[in-house]
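Asker: below are the sequence and a predicted model for it; my questions follow.
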Amino acid sequence: MKLMPRRGEMQEEAKEKKKRTKGDIASLVILIVLAVILVPIFAINLTLIIKGSIDPDVPPDVFGVAPMAVTTGSMDGDEADSFAEGALIFVRILDEEEKQSLQEGDIVTFRTNGAYVTHRIVTVNTVDGAVVSVTTKGDANSANDGAILLENVLGLCTGSVAGMGSFAMFLQTPVGIVVVIGIPVLLYIAYDVTRITLNNRRIKAAEAARQAEKESEKDEEIRRLRELLAEKDGAAEQAEGEKSAERSSDSGEEAAEEGAQQRAPQSAAEGDPPEGTEESAPPAEK
């Protein structure tokens with residue numbers, strides 16, 4: 001006999017499906033967030049490492065902008081665009097034509113003694129209307145850096161983020177890559193494996209419960225059918241017994257009638273002679 005799924009079972013299946021759907025959505029959202037955050041970080045970091053190793057005389061850039069970490073406090077001043085040690089600055093690499101547009105107050109990055117320095121321009125030095133050098137000074141310094149030849153000027157600082165320089169330098173180390181990128185990925189993998197495992201266990205437990213309930217229903221149905229068969233057999237036996245009793249009763253009545261018919265002639269033979277019968281007279285004495 002085929003058992004139709006009950007309404008409760010259908011509701012449980014719907015709940016399980018809804019839970020799985022929510023879990024899948026949560027997993028997808030986490031994966032997207034990780035991808036949006038980590039993939040650009042990994043790509044930018046890898047690009048900077050490769051470019052820095054190929055040409056160490058030029059700061060590595062991404063789309064013409066070089067992120068650089070500040071290691072001193074020479075620009076920790078009162079100006080709106082000043083920045084402190086540990087900041088991350090963004091330097092736009094300039095070509096020769098763009099360098100001619102530099103002016104006082106601009107913050108530029110230049111190369112000196114094999115190091116990169118980022119200071120503010122205090123004087124633009126020109127010859128015949130063309131910029132040939134700039135004089136720079138740190139906002140926190142009392143003395144200037146002297147004239148910096150225009151060929152040593154690399155780019156213009158366009159912005160800064162406080163405290164991100166140290167983090168950016170940490171990202172360029174193998175440990176930093178593992179911590180910032182590897183650990184979140186491993187945590188996501190662990191979360192997804194755990195979610196899938198628990199979901200499979202819930203499905204198996206629900207399936208086992210449904211199977212046990214179906215088996216119980218089958219047993220109950222079999223028991224009920226057996227009871228019906230037993231009732232039918234009992235009714236049949238009872239009907240057969242009643243028929244046997246009726247047959248016995250009919251046989252008794254027939255026997256009684258036959259006995260009555262047999263007794264009636266005997267009574268007639270043993271009783272008085274019928275009327276109108278003359279008795280033979282004894283012979284007369286002579």
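Answerer: Yep, it's here. A quick note: this is a predicted structure, and the numbers were derived from the prediction, not measured.
Asker: point out where the chain drops to low pLDDT.
Answerer: Low-confidence segments of the chain (pLDDT under 70): 1-20, 22-23, 249-286.
Asker: in it, which spans are helices?
Answerer: Secondary structure of the chain (DSSP state H): helices at 7-54, 96-99, 164-171, 174-177, 183-270.
Asker: format the ones you listed as a markdown table; extra columns: distance to N144 and mean neighbour count.
Answerer: Quick note: C-beta positions are derived from backbone N, CA and C, even for glycine. Shown next, in a markdown table, are those (distance: least, Cβ to Cβ, whole Å; neighbours: other Cβ atoms under 10 Å):
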| stretch | distance to N144 | mean neighbour count |
| --- | --- | --- |
| helix 7-54 | 29 | 13 |
| helix 96-99 | 19 | 11 |
| helix 164-171 | 24 | 17 |
| helix 174-177 | 36 | 13 |
| helix 183-270 | 45 | 11 |
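Asker: looking at these, spot the one closest to V134.
Answerer: Of all the helices of the chain, it is helix 96-99 that lies closest to V134, at 8.9 Å by Cβ to Cβ.
Asker: okay if I get the helices of the chain as a markdown table plus distance to M75?
Answerer: Formatted as a markdown table, those follow (distance: least, Cβ to Cβ, whole Å):
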| stretch | distance to M75 |
| --- | --- |
| helix 7-54 | 22 |
| helix 96-99 | 20 |
| helix 164-171 | 12 |
| helix 174-177 | 25 |
| helix 183-270 | 33 |
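Asker: for those, which one sits closest to V127?
Answerer: Across the helices of the chain, V127 has its closest neighbour in helix 96-99 (13.9 Å, Cβ to Cβ).
Asker: residues making contact with that closest one?
Answerer: The contact list for helix 96-99, computed with Cβ atoms under 8 Å, 6 or more residues apart in numbering, reads V131, L150, V153, L156.
Asker: what does stretch 55-75 give?
Answerer: Stretch 55-75 has contacts (Cβ under 8 Å, 6+ apart) with 44, 47-52, 82-93, 107, 109, 111, 116, 118-120, 138-141, 154-155, 158, 160, 165-166, 168-169.
Asker: and that stretch, which residues are buried?
Answerer: P59, P60, D61, A66, P67, M68, A69, V70, G73, S74, M75 (16 or more other Cβ atoms under 10 Å).
Asker: and for the longest strand anywhere in the chain, what's in contact with it?
Answerer: Across the chain, the longest stretch assigned as strand under DSSP state E is strand 115-127. With contact meaning Cβ under 8 Å, 6+ apart, strand 115-127 is reached by 59, 68, 70, 74-75, 79, 89, 91, 102-111, 131-139, 141, 144-145, 147, 154, 157.
Asker: just the buried residues out of the residues you listed, in PyMOL syntax.
Answerer: In PyMOL syntax, the buried subset of the contacts of strand 115-127 is picked out as below (16+ other Cβ under 10 Å):
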select buried, resi 59+68+70+74+75+89+91+102+106+107+108+109+110+111+131+133+134+135+136+137+138+139+141+144+145+154+157
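Asker: now for the residue nearest to I89 when sequence neighbours are not counted: which residues touch it?
Answerer: Excluding its sequence neighbours, the residue lying closest to I89 (Cβ to Cβ, 6 or more residues apart in numbering) is S160, at 4.4 Å. Applying Cβ under 8 Å, 6+ apart to S160 gives the contacts V70, D81, F83, A87, L88, I89, F90.
Asker: my guess is the second one contacts D106. True?
Answerer: Translated: D81. No. Using Cβ atoms under 8 Å, D81 is not in contact with D106, being 9.7 Å away.
Asker: which neighbours do the two have in common?
Answerer: Residues within reach of D81 and of D106 at once, by Cβ under 8 Å, 6+ apart, are C157.
Asker: chain center to the longest strand of the chain, what's the gap?
Answerer: Relative to its parent chain, strand 115-127 has a centroid offset of 56 Å by Cα atoms, centre = their mean, to the nearest Å.
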